[in-house]
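Peer 1: Build me a model:
(2 chains)
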Amino acid sequence: MISLSVNGQVHEIDVEPDKPLLWVLREDLNVVGPKFGCGVSACGACTVHVERSAVRSCSFAVADAVGKTVVTIEGLSQDGQLHAVQRAWIENQVPQCGYCQPGFIMATVALLRENPKPSDTDIDDALSNICRCGTYSAIRRAVHRAAAILGGAP
Amino acid sequence: MSLGRRLAIIGGFVGAGVLGVGFWFARERDRLGDRRLFNLKPDEAGLNGWVKIGRDDSVTVAIPRAEMGQGVQTALAMLVAEELDARWDQIRVEEPPESVVYRNVDILIDSLPFSPEESGSVVEAAHWIAGKLGGVLGVNATGGSTSVRDAWLPMRTAGAVARDLLLRAASRKAGLPVTDLAIVDGEVRKRDGAKVATFGALVDSVEGLAERPPPPLKKPAEFKLIGKPLPRLDILAKVTGRATFGIDVRQPGLLYAAVRNSPTFGGEALGFTLKQGKLPKGIEKVVIVPGGIAAVGTSWWKAERFLDEGVEVKWQPGPAPGLDTPGLWKRYEDLLENGEPALTRTLGTVVTTTSDRQQTLTAAYRAPYLAHTTLEPMNCTARVGPTGVEVWMPNQSPTLMRLAAARTAGVPQDRVSVHTTFLGGGFGRRAEVDLVRQAVSCALVLPERPVQVLWSREEDIRHDCYRPMALARWRAVLEMAGDKPKLVSVAKRQVAQSPSEQFPVRTVGLPAQKQPEGNAVENPPYAFPHYQLDAMVADGVVPVGFWRSVGHSHTAFFDESFIDELASALKKDPFDLRRDLLVGRPRHLKVLETAAREAGWGTPLPPGSGRGIALRASFGSIVAQVAEVSVPDGRSIAVKRVTCAIDCGPVVNPAIVRAQMESGIIYGLSAALFGEITLTNGRVEQGNFPDYDAVRLAEAPVMAVHLVDSGATDIGGVGEPGTPPIAPAVANAIFAATGKRLRSLPLRMADG
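Peer 2: Residues are numbered from 1 along each chain as shown, chains lettered A, B, ... in the order given. Predicted coordinates:
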């Protein structure tokens, strides 16, 4: 049995220690916001936070998350309030099919924690996720908007 | 008449062009639908097959099409809301039940092998017959950029009929003449503005009201919602992780299945041995499924690993286990030289010239196989119970899924229900029935257990139905008039496999009809003195399918690259030559000129940079794009900026049109820069994003989209038309920047 904290809840689960965090979330805990896209850490659809940093959970063994806090897209809203990044995403009507967006949103939240006012190049470097619908220009606008909301200034 | 039989008739009709045969047609049924049709719950009243109201004042609109990112839920709901005068925040959407009412007629008309500008009695008769067939056959499918075009009249009519019914209900309830009433902002009011009834208060009042013929639809000047960038209905669910995609379906007792498909195309699993002699904990069954083998258990991750490590499969190889890409190109080159055309088309009159100063300009172009790589890998969930089969699936045609599930399970179609989830991308891949066959095959041996089949990314890329690889050779004859070259004639020979030939065969088992795919053979819009097309259809075991914009995706590259080469030969600016050749095409011209003007065509750029322009009409819309490209070191291609102009006729939601243009550009750019599926020993060499990459933020150009209003009343599609022009626009820009003409996709400077 291992003990895992996900979105503020502690779960005792019986899984192989090398099972990727993504599949523990999706299969054992029914947390399906993080998506499977490639399984090789290339597309970022599975991005979640471990100790407030973005990780690609398809290639992250669950054993390495034990004793740490895991947050997924489902745990981003606080007290029924959408996160500023989610609000910026709505304002800019970012999603098309929407499948990659939980990963992009989680990667953006982590980026803005480390770099509250990222340049376009910082965004290019930090958000290497894939969106097959090509929502990139809307994503870029939304990241800048979220930075403005969080920083209180444009 | 079974669906197979119905489609056989269409296949025969489309393929052989049989127009004179006396088909018997049922009267085209009403597309409005019965008031009881649309999943009515206790607190709801149906107004027709497309609209119901609830006591909570909600208006629920039936959306039979697949939401794969193109904004179809929002756009279709707007059509109803407009005529109903509903408030946008009242609108909900829901998948309706299976019914002929929700057929997509336009997609059948679009499948006919004509170029859109062709007219005349034969084409009109074909359109009429396809419309009638569509009416009888009821194929529910999302594709061909048809959803809004198809729904434009029927769903607005449904909204208008609903408005009329609610006004009569309010009239009866309030004892006021109906002529004194109007719907304003989603409630019934008197002409003086006094409130009479909310929609919610009328739920019990529509019963017993007679059907009446549909009232006239609004004129465009009266539109309040259509033409506005209303917010999409699916955004909140998609930013909170609550949107349910196929992979997120969770049914009680769910099992997961991983699959290994036959390494060679068309092969099957003959048998297997378990390396440990027994199944490990967590794996319940190993099942031979159509095209491969599945391991079913309590964890997909574990099933994947088990297939890699625990099972030895005996494969029956497919018919062409030695296939490789260089060999295929040799065959295509032979077909290009010597092949018998499946289609020949000639426009204009042959000019006989006596000039001895003729020149010939010849150029051959290549496009590779492409995979779709929807970001949500292929999946399907199925349960077989005593009463029938239930399927949950991100799919582009519930009609085809239902047929395939019924045939696989050996039950009548009315025992199958298909629930369409959100699609994590579709792009044409999700019209295929391979996944539903595999899921039902697994579910059959595990009765009452829902089984979710999911392919790894590697299975997805290696077992797609690919955009066909294609080869074309353009030839132009020029003659010197004084010191100025003049165009005499152009001709193109083109070779590709045909998705239109393969798709009906593999999805419903129809006999093959040798015909080129229609989009691949549409004529360029230019007034050439003489134009001849010879289209050869290549045989082949490689599965080919519908990939966003289908044949336009390669043909636009061939045609629009060649126009640029022609401009060089004629010593003209590429934009000017196109303009000169767009005789009698005012809509095309305006789109082209808008793109050029907005892109600053002709203004200076830094050294190593260039602009390229391309134009392509597809799916009822006209799109021109100007790409600005820089090749700083002579090796790497950076697409800096894309200016796009579109005329799609009436615009339902301009924000969605813009988003679809950007989406189509990025999708086409990923293919133009990176996309290439190659074969060796009958197997696909690529397997995941590291070797089949996509454009990411760092490579995404700045994009500007301009909507051109030409006053046209015919509505065009927007899901696909943004894709075709981008590859030639970039190739033309590379030529402008470097003088190198790249004639193969993907574009690589080393090829120049």
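
Peer 1: ok, now which ones touch residue 147?
Peer 2: No chain was given, so I picked chain A. A:L112, A:P116, A:K117, A:P118 (CB atoms under 8 Å, 6 or more residues apart in numbering or on different chains). (Each C-beta comes from the backbone N, C-alpha and C, glycine too.)

Peer 1: looking at chain B here, not the other one
Peer 2: B:R65, B:Q70, B:V72, B:A75, B:L76, B:N104, B:G717, B:G719.

Peer 1: Within reach of chain A, which of the residues you listed are there?
Peer 2: With CB under 8 Å from any CB of the partner chain as the criterion, the contacts of B:S147 include B:Q70 near chain A.

Peer 1: Tell me, how many residues neighbour residue 49?
Peer 2: Chain wasn't specified; assuming chain A. 23 (other CB atoms under 10 Å in any protein chain shown).

Peer 1: actually it's chain B I care about, not the one you picked
Peer 2: 25.

Peer 1: and the gap between the nearest residue in space to it that is not next to it in sequence and B:L47?
Peer 2: Counting by CB to CB, 6 or more residues apart in numbering or on different chains, B:G49 lies nearest to B:G33, which is 1.7 Å off, once chain neighbours are set aside. From B:G33 across to B:L47, the span is 10 Å (CB to CB, to the nearest Å).

Peer 1: Which helix or strand contains the residue nearest to the spatial centre of chain A?
Peer 2: Against the mean C-alpha coordinate of chain A, by CA atoms, centre = their mean, the closest residue is A:M106 at 2.4 Å. Using DSSP states H and E, A:M106 sits in helix A:101-114.

Peer 1: helices and strands around that helix, which ones?
Peer 2: Here helix A:101-114 touches strand A:47-50, strand A:53-56, helix A:84-91, helix A:120-126, helix A:136-151, helix B:235-240, going by 3 or more CB pairs under 8 Å, 6 or more residues apart in numbering or on different chains; DSSP states H and E.

Peer 1: Let's see that with 7 Å instead.
Peer 2: In terms of contacts (3 or more CB pairs under 7 Å, 6 or more residues apart in numbering or on different chains; DSSP states H and E), helix A:101-114 is packed against strand A:47-50, strand A:53-56, helix A:84-91, helix A:136-151, helix B:235-240.

Peer 1: Mind listing what's buried along that helix?
Peer 2: By neighbour count with 16 or more other CB atoms under 10 Å in any protein chain shown, helix A:101-114 contains the buried residues A:Q101, A:P102, A:G103, A:F104, A:I105, A:M106, A:A107, A:T108, A:V109, A:A110, A:L111, A:L112.

Peer 1: try stretch B:266-276
Peer 2: For stretch B:266-276, the neighbour count (16+ other CB under 10 Å) marks B:G266, B:G267, B:E268, B:A269, B:F272 as buried.

Peer 1: List the residues that contact the fourth one.
Peer 2: Under the criterion of CB atoms under 7 Å, 6 or more residues apart in numbering or on different chains, the contact partners of B:A269 comprise B:S262, B:I288, B:G292, B:I293, B:V313, B:W315.

Peer 1: any idea which of those is closest to chain A?
Peer 2: Each of those was checked against chain A using CB to the nearest CB; the closest is B:G292, at 18.0 Å.

Peer 1: Could you measure from the nearest residue to that closest one once chain neighbours are set aside over to B:R437?
Peer 2: Closest residue to B:G292 apart from its sequence neighbours, by CB to CB, 6+ apart: B:N261 at 3.8 Å. As judged by CB to CB, B:N261 and B:R437 stand 12 Å apart.

Peer 1: ok, which stretches of the stretch 151-300 of chain B are helices?
Peer 2: B:235-240, B:300-309 (DSSP state H, counting those that start in this stretch).

Peer 1: any weak-confidence spans in the chain?
Peer 2: Going with chain A. Applying pLDDT under 70 to chain A flags residues A:152-154.

Peer 1: You answered for a different chain; I wanted chain B.
Peer 2: B:1-30, B:108-138, B:353-355.

Peer 1: So which residue is dead centre in it?
Peer 2: When CA atoms, centre = their mean is applied to chain B, the residue found nearest the centroid is B:G143 (3.8 Å).

Peer 1: Please parse the chain into its domains.
Peer 2: I'll assume chain A. Domain ranges of chain A: A:2-75, A:84-151, per automatic domain parsing.

Peer 1: I was thinking of chain B, sorry if that wasn't clear
Peer 2: What automatic domain parsing lists as the domains of chain B is B:31-104+B:139-240, B:246-318+B:378-454, B:325-369+B:465-751.

Peer 1: These: which one's closest to A:E16?
Peer 2: Proximity to A:E16 (CB to CB) singles out domain B:246-318+B:378-454 among these, at 7.9 Å.

Peer 1: Quick one: end-to-end distance for the closest one.
Peer 2: End-to-end distance of domain B:246-318+B:378-454: 9 Å, with CA to CA, to the nearest Å as the criterion.

Peer 1: Then stretch A:126-143?
Peer 2: Stretch A:126-143 end-to-end distance (CA to CA) = 11 Å.

Peer 1: Pull out the buried positions in that stretch.
Peer 2: Result for stretch A:126-143 [16+ other CB under 10 Å]: buried residues A:126-127, A:129-143.

Peer 1: Next one: it, is it in contact with chain B?
Peer 2: Yes - Stretch A:126-143 lies within reach of chain B by CB under 7 Å from any CB of the partner chain, at A:L127, A:S128, A:I130, A:R132, A:C133, A:G134, A:Y136, A:S137, A:I139, A:R140.
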